[in-house]
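Colleague: no FASTA, just this:
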Ligand SMILES: [Zn+2]
């Protein structure tokens, strides 16, 4: 299987063979450069596609024929919109997973308690959610995750089991840190694009089109449009004959 390890070993062998075959002549560079470029492109594609399994095995969907989906929310908690979303989930009797940013969670401790009390699961989405998170060194990334973990643990009394990388970007450092801290890394299979789309019906349509047994749906609980469209999304999913399950159950599939 093509992953970071196998791609790196294969490339190193290939470049070395070309080097030997060409007797270490300068022309060697003309072959080595494009090979290096291909390697670089593979690394970037592997980084931005969490479901590629290039750096690590992230759970992006349940393997099942049963009509079940899991709802996930990133980038909260948000004082205003997370509360609205909790009320809708309550009303519709749906549980979800909230991948929270530690620095926000620290300021919304009462909200965290509510999320857990209502039967939802809180996952780690890093403390800083820094723009350059994926450029962090191993130590810094580990500290960032642990800081978020401590905030969540302090309020809920439970260590988060799941981690979703900020921006869904993965790399070899992140893979090592997640493994060391024993996190189950969660991706998604249906992206609602609620951070981009301005039209509620478009979001509903997009999720409907992407629905499949075992779908993991990505939304954001810090967005007004998500709070507005969520009930429509849930009703559509129910009308399509699907049931909502938690992340633990989805992993079991
Ligand atoms: Zn995020």
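Modeller: Now that the structure is in, tell me what you want to look at. No experiment lies behind these values; they were computed from the predicted model shown. Numbering: from 1, shown residues only.
Colleague: who's in contact with residue 90?
Modeller: Contact partners of residue 90, counting by CB atoms under 8 Å, 6 or more residues apart in numbering, are residue 118. The way it works is simple: take the backbone N, C-alpha and C, and place the C-beta from them, glycine included.
Colleague: in stretch 186-200, which residues are buried?
Modeller: 186-192, 194, 200 (16 or more other CB atoms under 10 Å).
Colleague: check whether it comes near the ion.
Modeller: No. Against the ion, stretch 186-200 shows no contacts by CB under 5 Å from the ion, the least distance being 8.9 Å.
Colleague: who's in contact with that stretch?
Modeller: So stretch 186-200 is contacted by 50-51, 58-61, 69, 72, 97, 99, 123, 162-164, 168, 203, 206-207, 210-212, 214-220, 223, 225-226, 228-229, 232-233, 247 (CB under 8 Å, 6+ apart).
Colleague: now do the strands in the stretch 1-150 of the chain.
Modeller: 68-76, 96-100, 121-124 (DSSP state E, counting those that start in this stretch).
Colleague: helices or strands up against the first one?
Modeller: So the one you mean is strand 68-76. helix 81-92, strand 96-100, strand 215-220, helix 224-239, strand 243-244, helix 247-252 (3 or more CB pairs under 8 Å, 6 or more residues apart in numbering; DSSP states H and E).
Colleague: count the neighbours of the closest residue to residue 248 other than its chain neighbours for me.
Modeller: If the residues on either side of it in the chain are set aside, residue 248 comes closest to residue 121, at 7.3 Å by CB to CB, 6 or more residues apart in numbering. By other CB atoms under 10 Å, 21 other residues sit near residue 121.
Colleague: gap between residue 121 and residue 235?
Modeller: Per CB to CB, to the nearest Å, residue 121 is found 23 Å from residue 235.
Colleague: now do the helices in the stretch 101-250 of the chain.
Modeller: 102-105, 109-117, 138-156, 172-180, 200-210, 224-239, 247-252 (DSSP state H, counting those that start in this stretch).
Colleague: and the longest one, what does it pack onto?
Modeller: I take that to be helix 138-156. By 3+ CB pairs under 8 Å, 6+ apart, helix 138-156 packs against helix 102-105, helix 109-117, strand 121-124, helix 172-180.
Colleague: residues making contact with the first one?
Modeller: So the one you mean is helix 102-105. 75-78, 112, 122, 124-129, 144, 147-152, 155, 222.
Colleague: right, and the ion sits closest to which residue of the stretch 151-253 of the chain?
Modeller: Per CB to the ion, residue 166 is where the stretch 151-253 of the chain lies closest to the ion, at 4.9 Å.
Colleague: could you give the number of residues near that residue?
Modeller: 20.
Colleague: give the contact list for it.
Modeller: With CB under 8 Å, 6+ apart, residue 166 has these contacts: 125-126, 129-130, 133-134.
Colleague: and the nearest residue to residue 138 once chain neighbours are set aside, how far from residue 135?
Modeller: Nearest residue to residue 138, sequence neighbours excluded (CB to CB, 6+ apart): residue 173, at 5.2 Å. Using CB to CB, one gets 9 Å for the distance from residue 173 to residue 135.
Colleague: likewise for residue 62?
Modeller: From residue 62 to residue 135 the distance is 32 Å (CB to CB).
Colleague: looking at these two, which is more packed in?
Modeller: Set residue 62 next to residue 135 and count neighbours by other CB under 10 Å: residue 62 wins out with 22 against 12.
Colleague: I'd say that one and residue 246 touch.
Modeller: No. Using CB atoms under 8 Å, residue 62 makes no contact with residue 246, being 10.9 Å away.
Colleague: which residues do the two both contact?
Modeller: Counting by CB under 8 Å, 6+ apart, the residues touching both residue 62 and residue 246 are residue 70.
Colleague: still on that earlier bit, of the helices and strands packed on strand 68-76, which stretch is the most buried?
Modeller: strand 96-100 (a mean of 27; mean count of other CB atoms under 10 Å).
Colleague: before I go, just wanted to say thanks for your time.
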